[in-house]
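Undergrad: With the input below, show me the fold.
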Amino acid sequence: MMDQKNLSAIKPEELYTLVKQFYSENPPEKQKRGRPSKYPEELILFLLILKVSQKLSYRKLRLIAKETFTDLPIPSLRASFYRLNNLPKARLHQFLNWLVNKGIKIDHEKQENSYK
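TA: Numbering: from 1, shown residues only. Model prediction:
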């Protein structure tokens with residue numbers, strides 16, 4: 001049996017690659033109304049998973065994201081807070097299930113409590 005890798009042990013670069021792979025296999029539904037999002041949903045999902053798995057504050061999350069990904073537009077604190085709290089829960093659960101199917105271990109109880 002293959003050893004499962006723990007979500008908190010994954011480096012941010014590898015986590016972002018997994019999120020991009022998930023979105024290429026499971027593209028989001030087209031936005032029907034409103035202006036286009038400044039930050040793609042895949043970036044927001046990545047930031048949320050990074051925040052929860054590493055137990056980061058919003059400020060620390062933004063700092064790590066800016067240092068790690070100099071070529072990506074990183075949302076402000078206000079935009080991060082708003083977008084992370086408004087990410088569709090169904091999409092989040094779909095991604096977490098996808099990670100489990102890839103062999104990545106997730107501590108569900110700890111993760112669920114962190115989203116509240």
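Undergrad: residue ranges with poor pLDDT in the chain?
TA: 1-3, 31, 108-116 (pLDDT under 70).
Undergrad: Let me see the ranges of the strands in it.
TA: 5-6, 104-105 (DSSP state E).
Undergrad: Which of those sits closest to Ser57?
TA: Among these, strand 5-6 comes nearest to Ser57, with 21.2 Å by CB to CB. All C-beta spots, glycine's among them, are computed from the backbone N, C-alpha and C.
Undergrad: Output the contacting helices and strands for the closest one.
TA: strand 104-105 (3 or more CB pairs under 8 Å, 6 or more residues apart in numbering; DSSP states H and E).
Undergrad: neighbouring contacts of the strand it packs on?
TA: Strand 104-105 is contacted by residues 4-7, 10, 18 when judged by CB atoms under 8 Å, 6 or more residues apart in numbering.
Undergrad: could I get those as CSV with neighbour count and distance to Tyr82?
TA: What follows is these, written out as CSV (neighbours: other CB atoms under 10 Å; distance: CB to CB, whole Å):
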residue, neighbour count, distance to Tyr82
Gln4, 12, 33
Lys5, 14, 31
Asn6, 12, 29
Leu7, 22, 24
Ile10, 19, 26
Leu18, 18, 24
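Undergrad: right, and Tyr16 touches Phe69 too?
TA: Yes. If you go by CB atoms under 8 Å, Tyr16 and Phe69 touch, sitting 7.1 Å apart.
Undergrad: So for those two, which residue has more residues nearby?
TA: Tyr16 (22 against 15; other CB atoms under 10 Å).
Undergrad: OK, contacts around the residue nearest to the more buried one when sequence neighbours are not counted?
TA: Computed as CB to CB, 6 or more residues apart in numbering, the closest residue to Tyr16 that is not its neighbour in sequence is Phe46, at 5.2 Å. By CB under 8 Å, 6+ apart, Phe46 lies in contact with 15-16, 19.
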